[in-house]
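>>> missing the sequence, but the structure's below:
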């Protein structure tokens, strides 16, 4: 069992599903007396990373309490500082935590941070000065996250994305140019371009492809070329079998760096948060994030 941290810094998103104050109380109860625990609450978008960076000096554990976006912001600081990341899931999907086997129950998740656990090393995606652990995308998924109602997300979780998906699918397609050392695609009309570090999308049960891994040192790029309802259904059928890269309507490849340009420009999301618009350059930073997980994960 790793030694207990001497100084742990927790960043809390107050909009987390459930009772944020109760989660903080559980965290304080779980922390041993030898650990100096500091808790800071976000007040606006992108504040989690700012708080983590300001308070991370001399910390030996950074804890993110919130959804995938909060986790990714804090993970970026943990990556820079070279210290472990603890996660207490509190978002609408919690894909990162669930893929890594971290309990969604707040009591179990807080105890895991200070009880017997393992430290798993995973890759991180990097886009500009921002880090993501799971998925980047341009197209339907970025519109989906942009259009989803925040209040509905807190109430019903991932199902809040369904109305947004219907709106997103009605938008005109962009023409993409995608460049990497392995592949150049020009003038591809696509509803969705994904850059995956992990296999799930929207909900953990929806897996893109079983070959996508958090720790293989590569990004998986999936360019969906389906444009008709029949073709989209074929893609979804392959995804249901976790074989989306086998679809004739998906062009896929692995890479360490990819550039994405779209005309017209389209929003880009990182782990569920819209961070800007194309063009973007995305790279992999292998083995750069260490996450507290249950043993055997």
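Looks like it arrived, so ask away. Since the structure is predicted, the reported quantities are computational estimates derived from the model, not experimental observations. Numbers count the residues shown, from 1 in each chain.
>>> Now do the strands in the stretch 151-297 of the chain.
174-179, 184-190, 192-196, 200-201, 203-207, 219-224, 250-255, 257-263, 267-270, 273-277, 280-293 (DSSP state E, counting those that start in this stretch).
>>> What is the fourth one packed up against?
So the one you mean is strand 200-201. With contacts taken as 3 or more CB pairs under 8 Å, 6 or more residues apart in numbering; DSSP states H and E, strand 200-201 sits against helix 95-99, strand 203-207. C-betas here are computed from N, CA, C, even on glycine.
>>> packing partners for the last one?
When you say that, I think you mean strand 203-207. helix 95-99, strand 200-201.
>>> In it, which residues are buried?
203, 204, 206, 207 (16 or more other CB atoms under 10 Å).
>>> which residues touch the third one?
Neighbour list for residue 206: 200, 239 [criterion: CB atoms under 8 Å, 6 or more residues apart in numbering].
>>> Please repeat the previous calculation with a cut-off of 10 Å.
By CB atoms under 10 Å, 6 or more residues apart in numbering, residue 206 lies in contact with 93, 95, 158, 199, 200, 236, 239, 240, 242.
>>> can I get the residues you listed in a markdown table with distance to residue 182, pLDDT and neighbour count?
Listed next are these as a markdown table, based on distance: CB to CB, whole Å; pLDDT from 0 to 100; neighbours: other CB atoms under 10 Å:
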| residue | distance to residue 182 | pLDDT | neighbour count |
| --- | --- | --- | --- |
| 93 | 30 | 80 | 24 |
| 95 | 26 | 90 | 27 |
| 158 | 32 | 44 | 18 |
| 199 | 20 | 92 | 22 |
| 200 | 24 | 86 | 20 |
| 236 | 26 | 78 | 13 |
| 239 | 23 | 85 | 20 |
| 240 | 27 | 83 | 11 |
| 242 | 23 | 91 | 17 |
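>>> okay if I get these as CSV plus distance to residue 250?
Below are the contacts of residue 206 laid out as CSV (distance: CB to CB, whole Å):
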residue, distance to residue 250
93, 22
95, 20
158, 22
199, 14
200, 16
236, 11
239, 9
240, 14
242, 13
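>>> Okay, buried residues for whatever helix or strand residue 77 lives in please.
Secondary structure assigned from DSSP states H and E places residue 77 in helix 68-81. Within helix 68-81, the residues scored as buried using 16+ other CB under 10 Å are 68-79, 81.
>>> same deal with stretch 46-61?
For stretch 46-61, a neighbour-count test (16+ other CB under 10 Å) marks 47, 48, 49, 50, 51, 52, 53, 55, 56, 59, 60, 61 as buried.
>>> Check stretch 115-133 too.
Quick answer for stretch 115-133 (16+ other CB under 10 Å): 117, 120, 122, 123, 124, 125, 126, 127, 130, 131, 132, 133.
>>> How about stretch 174-194?
Quick answer for stretch 174-194 (16+ other CB under 10 Å): 174, 176-180, 185, 188, 190-194.
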